[in-house]
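A.B. asks: Model the following, please.
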Amino acid sequence: MSAILTVSQLNRYIAFKLKEDGNLHGKLIRGEISNFTNHAKSGHFYFTLKDGESSVKAIMFNNMASRLPFMPKNGMRVIVSADVRVYERDGLYQLYVTDMQPDGVGALYLALEQLKERLSQEGIFDESRKKPLPSLPKKIGIVTSADAAALQDMLNILSRRYPIAEVIVFPAAVQGADAPESICSAIHHADKRGMDLLICGRGGGSFEDLSAFNTEAVARCLHGCSTPVISAVGHETDFTVADMAADLRAPTPSAAAELAVPDITLLYGRLNALEKALTNGFLNRLEEKYRILENTARRLESLNPRERAVRLREKFSQSKKRLEAAYNLKLRICGGQLAEKAAVLDGLSPLKTLSRGYSLVYKGERLVNSAEDLSEGDKVDIRLSDGTVSAVIS
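C.D. replies: Got it, this is the predicted structure:
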């Protein structure tokens, strides 16, 4: 090596030395991530790994980064597997990371928590987006393994509680690498068949056994399904992403079957009670209408023209009798009064005086009251009680 080096030669020499040092290959290094950047175009991860006293630059190329089940974040404590090399252009040594694990938290668990957070931010778990379940489903689809014991439990419960529903099984792999795609395919197929309700799930198992129901693909498939879905995965203590994305979570497959349909015996009881209430209501209503009809008939009968004519005739007859009685009474009273007046007039009548021997002398039409009213030769009429005679005054 010459006495005078260029910068490039120096950096290349140091890079060569580091590359030759086996102690700097595949080293496990613990630290905290800061200044993290996920390059949009290349997909490479750039970050700084630090502890309480020092820091070092690090890069994880896309072919390695794409295999991580979680997304690194600032402040996350990790253990990386890396080679220590020199970036010759800047003369800086840095870590070339080939693998990364969360420090103290499993990678699968961390990936699951990040998936939940991301889907939640998108609104996939929002209660407002969940569809209501039908109260009386006619067609029920079940997405699960055809060989699962949980399937037989669900079929037995559905046939016992609600035998009038049509149940169709859409088989799917519920475990293994191909399970998410198989579950999504079965859900799509069931959704196109016009089901009223879907039950999607499987029996219990380990965290790894249930991993298909913790995938983004199954969560989005459940969320996009137009048919209401009940998620029934594992035991009561198991809680998966599928449970959060479905319209309703059941603690077990058996519980899902009970939540899906009503008990038909209770429906029959309610139906009988409603029938009895309807019958009683109808009879009460009929009796009420009959009373109204009777009252109306009586009122109509009271307004019947024939009946009114009879009453008017009776009233006329009674009025006629009262009028005749009053007329006769008045006639008798007036007759008595007339007799009294006639007697008085008779007592005052000149004729009465004539009957006692007196007479009346008329000169023409005028009654002669004095002899001075007469002259010799006057013609007079003398009225007697039994007639009239004429005379000449001499």
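
A.B. asks: so what's the most centrally placed residue in the chain closest to, chain neighbours aside?
C.D. replies: For the chain, the residue sitting closest to the mean C-alpha position, by Cα atoms, centre = their mean, is Pro132 at 12.0 Å. Closest residue to Pro132 apart from its sequence neighbours, by Cβ to Cβ, 6 or more residues apart in numbering: Pro228 at 6.9 Å. Using the backbone N, CA and C atoms, a C-beta is placed for each residue, glycine as well.

A.B. asks: Also Glu236?
C.D. replies: Nearest non-adjacent residue to Glu236 (Cβ to Cβ, 6+ apart): Pro251, at 3.8 Å.

A.B. asks: do Ala172 as well
C.D. replies: Nearest residue to Ala172, sequence neighbours excluded (Cβ to Cβ, 6+ apart): Ala186, at 3.9 Å.

A.B. asks: what's the burial count for that neighbour?
C.D. replies: Residues within reach of Ala186, counting by other Cβ atoms under 10 Å, total 23.

A.B. asks: where's it, which helix or strand?
C.D. replies: In the assignment (DSSP states H and E), Ala186 maps to helix 179-192.

A.B. asks: That helix packs against which elements?
C.D. replies: On a contact count with 3 or more Cβ pairs under 8 Å, 6 or more residues apart in numbering; DSSP states H and E, helix 179-192 meets strand 139-144, strand 166-171, strand 197-202, helix 216-224.

A.B. asks: Look up how far Leu197 lies from the residue nearest to the centre of the chain.
C.D. replies: Using Cβ to Cβ, to the nearest Å, we find Pro132 at a distance of 11 Å from Leu197.

A.B. asks: which residues do the two both contact?
C.D. replies: Pro228 (Cβ atoms under 8 Å, 6 or more residues apart in numbering).

A.B. asks: all helices of the stretch 1-150 of the chain, in order?
C.D. replies: 7-20, 62-65, 107-121, 149-161 (DSSP state H, counting those that start in this stretch).

A.B. asks: State the next helix or strand along the chain beyond the worst-scoring helix or strand of the chain on mean pLDDT.
C.D. replies: When the helices and strands of the chain are compared on mean pLDDT, DSSP states H and E, helix 350-354 comes out lowest with a mean of 64. Remark: after helix 350-354, the chain's next helix or strand is strand 360-363, criterion DSSP H and E.

A.B. asks: In its sheet, which strands sit next to that following strand, and in what direction?
C.D. replies: Sheet partners assigned to strand 360-363 using DSSP bridges are listed as strand 366-367 (antiparallel), strand 379-384 (antiparallel).

A.B. asks: Show me the shaky parts of the chain.
C.D. replies: Low-confidence regions of the chain, defined by pLDDT under 70, span residues 1-2, 105-107, 347-358, 385.

A.B. asks: Can you check which helix is longest in it?
C.D. replies: When the chain is scanned for its longest helix (criterion: DSSP state H), the result is helix 305-348.

A.B. asks: Distance check, the residue nearest to Glu236 against Ala165.
C.D. replies: Counting by Cβ to Cβ - Pro251 and Ala165 are separated by 22 Å.

A.B. asks: what's the spacing between Glu307 and Ala260?
C.D. replies: As judged by Cβ to Cβ, Glu307 and Ala260 stand 69 Å apart.

A.B. asks: ok, back up a step: deepest of the strands paired with strand 360-363, which one?
C.D. replies: Of the strands paired with strand 360-363, the one with the most neighbours on average (mean count of other Cβ atoms under 10 Å) is strand 379-384, at a mean of 14.

A.B. asks: Can you name the residues in contact with that one?
C.D. replies: 354, 359-363, 368, 374, 388-393.

A.B. asks: which of those sit farthest apart?
C.D. replies: Among these, the pair separated by the greatest distance (Cβ to Cβ) is Leu354 and Val392, at 21.7 Å.

A.B. asks: neighbour-wise, which of those two wins?
C.D. replies: Leu354 (15 against 9).

A.B. asks: Surely Thr215 touches Pro180?
C.D. replies: Yes: when contacts are counted by Cβ atoms under 8 Å, Thr215 is listed as touching Pro180 (4.4 Å).

A.B. asks: Only the buried residues of stretch 181-188, if you could.
C.D. replies: Neighbour counts over stretch 181-188 (16 or more other Cβ atoms under 10 Å) mark Glu181, Ser182, Ile183, Cys184, Ser185, Ala186, Ile187 as buried.

A.B. asks: In TSV: those residues, plus distance to Lys315.
C.D. replies: As requested, the buried residues of stretch 181-188 are exported to TSV (distance: Cβ to Cβ, whole Å):
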residue	distance to Lys315
Glu181	101
Ser182	99
Ile183	95
Cys184	95
Ser185	96
Ala186	93
Ile187	90
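
A.B. asks: which of these sit farthest apart?
C.D. replies: Pairwise over these, using Cβ to Cβ, the maximum falls at Glu181 and Ile187, 10.9 Å.

A.B. asks: any idea how this protein splits into domains?
C.D. replies: According to automatic domain parsing, the chain is divided into the following domains: 7-105, 122-127+135-262, 304-348, 352-392.

A.B. asks: what's the most buried one of the ones you listed?
C.D. replies: Of those, the one with the most neighbours on average (mean count of other Cβ under 10 Å) is domain 122-127+135-262, at a mean of 19.

A.B. asks: and the end-to-end length of that one?
C.D. replies: Length of domain 122-127+135-262, first residue to last, Cα to Cα, to the nearest Å: 34 Å.

A.B. asks: and if you look at stretch 11-28?
C.D. replies: For stretch 11-28, the first-to-last residue distance is 25 Å (Cα to Cα).

A.B. asks: what's the spacing between that stretch and its chain's center?
C.D. replies: Offset of stretch 11-28 from its chain centre (Cα atoms, centre = their mean, to the nearest Å): 72 Å.

A.B. asks: For that stretch, which outside residues touch it?
C.D. replies: Taking Cβ under 8 Å, 6+ apart as the rule, stretch 11-28 contacts 1, 5, 79-86, 88-89, 91, 93, 98.

A.B. asks: ditto for stretch 252-262
C.D. replies: With contact meaning Cβ under 8 Å, 6+ apart, stretch 252-262 is reached by 133, 135-137, 140, 144, 150-151, 153-154, 157-158, 161-162, 165, 197, 199, 201-203, 230-232, 234-236, 248, 250.
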